[in-house]
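Visitor: coordinates for the following, if possible.
(one chain, ligands or ions: 1)
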Amino acid sequence: MMDRKPLLINGVWQSAAAGSENINPSNTNDVIAVYDRAGVHDTRSAITAATEAAPGWTAASPQLRHDILDRVGNELLARKEELGALLAQEEGKTRPEGVAETARAGHIFKFFAGEALRISGEKLASVRPGIEVDITREPVGVVGIITPWNFPIAIPAWKIAPALCFGNTVVFKPAELVPGCAWELTDILQRAGVPAGVFNNVYGPGSEVGQAMLDDPRINAITFTGSQATGARVAAACAKHMRRLQLEMGGKNPFVVLDDCDLDVAVDAAVNGAFFSTGQRCTASSRLIVTEGIHNRFVEAVLERMRGLNVDNALAEGTDIGPVVDEAQLQQDMRYIEIARREGGNIRQGGEHVSRATPGFYFTPALVTDTTPQMTINREEIFGPVASVIRVRDYDEALSVANDTEFGLSAGICTTSLKYASHFRANARAGMVMVNLPTAGVDYHVPFGGTKGSSLGSREQGRYAVEFFTVVKTAYVRP
Ligand code: UN1
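Guide: Down below sits the predicted model:
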């Protein structure tokens, strides 16, 4: 029997009645570790601890907050190989992808360490003589953080670091499938000197832990990344409690390829955006919208590149694409391939569950051509290595197809025309626009987020994170 990895509540490692096994999707015989699983009672204890710790942390010196966050960032960077391998082992993205994600998390902590020293306000002259107006930012209070499995360390980092930076306390519920990175990050935060109760990890099921967070009025704000369906439940609960919220949900991101593009650039960006990280990114390029003149050459070149992609164990040398995260996701990916076929799509390559040396959820990247914007695979997020191609006449049709979805996270275009690139930047209905770049893979120091059904609330990351994690106070003073 393996030792269990405990929860962190009120600065104390605590065991729970039940535990969950963390299974390696590249080798389902490999149980990475067993993690204590919080229930409703543990969650309430964590919320109590975070509530009681809030006044002290709010008053803590920016220097202290800086130093703690900086230590966390340094340790993540120093251990990126080890933690990146754990990430790959539990989530299934490749080792280099796991290492890069861990480094990104380290940089995020270091960025917000600096931001702790730059919390600023404004002073304005009142319209009434002799009065000053001061505008300052205060923490929101207790922040609930609910994260998905697909970025097991970067997404926790980009919510936890700004929350702590701006003086909030945290109740953190990591995704059920990836407790490992969340536990290591918790251990790092604890050893870096986060005071008791300021940060709590209540790993456990959404139906118990997540629900207990949603139901508790002592949580002042919730930041959530995950599915639209769960996002809607989070939003409803937040409305009930008049609580601040930030949602990052799905995408059905278009990547437009115009006749005048550089074909190599287009193929690189499309293959990276659609299939890397096993396509399990809300920013994935899942709809390739291609004008007639280049359509066939583009499709053949993408297929050729796909044939060279090695789908295998996430930890193996030379793997380009790891397994999908679990059995349920594998079934979902295969179901969408069936739907695509039934609706008249042409599965040109991939879309199959394949075996490798170790038992895992291996699924070959799929390209579906001859699709129309109305087909299910062009409307619903699949969250796997599946891309569809939509053939269009010209730029105008491409833009209108690109915008024809309920989502609006990221939108890409590949063109050498300044005119089309500029027009697309202005008219793509998305929170992020990429020109001659994949729709996925973003910098850590600039705002991240979408429009329409993809996001709700203010932006994450970079200086814009201050909007969500602080409340503005306006003070009128007669000196
Ligand atoms: C990226 O593309 O680098 O869940 C980031 C997601 C996003 C993060 C994507 N929130 O896939």
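Visitor: gap between Gln329 and the ligand?
Guide: 14 Å (C-beta to the nearest ligand atom, to the nearest Å). Glycine gets a C-beta too; all of them are placed from N, C-alpha and C.
Visitor: centroid residue for this structure?
Guide: Geometric centre of the chain, nearest residue: Ile155, 4.9 Å, by C-alpha atoms, centre = their mean.
Visitor: ok, and the closest non-adjacent residue to it?
Guide: The spatial neighbour of Ile155 that comes closest, neighbours along the chain excluded (C-beta to C-beta, 6 or more residues apart in numbering), is Thr147 at 4.8 Å.
Visitor: one more: Ser417?
Guide: Using C-beta to C-beta, 6+ apart and skipping residues adjacent in sequence, the residue nearest Ser417 is Asp260, 5.4 Å away.
Visitor: quickly note the distance from the one you found to Leu124.
Guide: Distance, Asp260 to Leu124, by C-beta to C-beta, to the nearest Å: 49 Å.
Visitor: so which of those two has more stuff around it?
Guide: Taking other C-beta atoms under 10 Å, Asp260 and Leu124 do not tie; Asp260 has more neighbours (14 against 10).
Visitor: which SSE is immediately downstream of the longest helix seen in the chain?
Guide: The longest helix of the chain (DSSP state H) is helix 95-116. Proceeding C-terminally, helix 95-116 gives way to strand 122-125 as the next helix or strand, assigned by DSSP states H and E.
Visitor: what pLDDT does Met1 get?
Guide: Among the per-residue scores, Met1 shows a pLDDT of 56.
Visitor: one step back: for the residue nearest to Ser417, list the residues it contacts.
Guide: When the contact criterion is C-beta atoms under 8 Å, 6 or more residues apart in numbering, the partners of Asp260 are Thr415, Thr416, Ser417, Tyr420.
Visitor: show the pLDDT at it.
Guide: The predicted structure scores Asp260 at 98 on the pLDDT scale.
Visitor: partners of the helix or strand bottoming out on mean pLDDT in the chain in the sheet?
Guide: Across the helices and strands of the chain, mean confidence by mean pLDDT, DSSP states H and E is lowest for strand 122-125: a mean of 94. Strand 122-125 sits in its sheet next to strand 132-139 (antiparallel), going by DSSP bridges.
Visitor: give the rounded mean pLDDT of the partner strand.
Guide: Averaged over strand 132-139, pLDDT sits at 97.
Visitor: which residues outside that strand are in contact with it?
Guide: With contacts defined as C-beta under 8 Å, 6+ apart, strand 132-139 is touched by 54, 57-58, 119-126, 166-168, 466, 469-479.
Visitor: same thing with stretch 174-182?
Guide: 5, 20, 22, 32-33, 35, 83, 86-87, 89-91, 102, 147-149, 152-153, 156, 172, 201, 203-206, 226, 325-326.
Visitor: and the residue of the stretch 1-150 of the chain found nearest the ligand, how far from Val271?
Guide: Closest residue of the stretch 1-150 of the chain to the ligand, C-beta to the nearest ligand atom: Asn150 (5.2 Å). Taking C-beta to C-beta as the criterion, Asn150 is separated from Val271 by 19 Å.
Visitor: by contact count, what packs against the longest strand along the chain?
Guide: Scanning the chain for the longest strand, with DSSP state E as the assignment, gives strand 27-37. When contacts are defined as 3 or more C-beta pairs under 8 Å, 6 or more residues apart in numbering; DSSP states H and E, strand 27-37 sits against strand 4-5, strand 18-24, helix 80-91, helix 179-191.
Visitor: need the three-state assignment for Asn150.
Guide: coil (DSSP: H, G, I helix; E, B strand; the rest coil).
Visitor: that one touches Gly279, doesn't it?
Guide: No: distance between Asn150 and Gly279: 9.8 Å, which falls outside the contact criterion (C-beta atoms under 8 Å).
Visitor: residues in the stretch 1-150 of the chain within reach of the ligand, list them.
Guide: By C-beta under 6 Å from any ligand atom, the part of the stretch 1-150 of the chain that sits against the ligand consists of Pro148, Asn150.
Visitor: quick check: which ranges of the stretch 1-150 of the chain have low pLDDT?
Guide: Using pLDDT under 70 as the threshold, the predicted model of the stretch 1-150 of the chain has low-confidence ranges 1.
Visitor: domain ranges for this protein?
Guide: What automatic domain parsing lists as the domains of the chain is 4-249+446-477, 253-435.
Visitor: just say helix, strand or coil for Met242.
Guide: Following three-state DSSP, we place Met242 in the coil state.
Visitor: going forward, count from 17.
Guide: Let's use 17 as the start, then, which means that last one is Met258.
Visitor: what about it, how many neighbours?
Guide: Met258 is surrounded by 7 other residues when neighbours are defined as other C-beta under 10 Å.
Visitor: ok, Glu320 next?
Guide: Glu320 has 11 neighbours, counted by other C-beta under 10 Å.
Visitor: from Ala456, how far off is it?
Guide: In terms of C-beta to C-beta, Glu320 sits 21 Å off from Ala456.
Visitor: quick check: the residue nearest to the centre of the chain touching Ile162?
Guide: No: Ile171 lies out of contact with Ile162 (C-beta under 8 Å); the separation is 9.9 Å.
Visitor: get me the contact residues on the stretch 267-416 of the chain for the ligand.
Guide: The stretch 267-416 of the chain has residues Arg297, Cys298, Thr299 near the ligand, with proximity defined as C-beta under 6 Å from any ligand atom.
Visitor: where does the second one sit: helix, strand or coil?
Guide: It refers to Cys298. Three-state secondary structure (criterion: three-state DSSP) places Cys298 in coil.
Visitor: tell me where the stretch 217-366 of the chain has helices.
Guide: With DSSP state H, counting those that start in this stretch applied, the stretch 217-366 of the chain shows helices at 227-231, 244-256, 279-291, 308-323, 343-358, listed in chain order.
Visitor: nearest to Thr380, of those?
Guide: The closest of these to Thr380 is helix 308-323. By C-beta to C-beta, the value is 8.4 Å.
Visitor: output that closest one as CSV, nothing but the C-alphas.
Guide: As requested, C-alpha coordinates have been extracted for helix 308-323 and formatted as CSV (Å, rounded to 0.1, in the frame of the first residue of the first chain):
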residue,chain,number,x,y,z
GLU,A,308,-9.7,27.3,-52.7
GLY,A,309,-6.5,28.1,-54.4
ILE,A,310,-4.3,26.5,-51.7
HIS,A,311,-6.7,24.0,-50.2
ASN,A,312,-5.4,20.8,-51.8
ARG,A,313,-1.7,21.7,-51.4
PHE,A,314,-2.3,22.6,-47.8
VAL,A,315,-4.2,19.4,-47.0
GLU,A,316,-1.6,17.2,-48.6
ALA,A,317,1.2,19.0,-46.8
VAL,A,318,-0.6,18.7,-43.4
LEU,A,319,-1.2,15.0,-44.0
GLU,A,320,2.4,14.4,-44.9
ARG,A,321,3.5,16.2,-41.7
MET,A,322,1.1,14.2,-39.7
ARG,A,323,2.5,10.9,-41.0
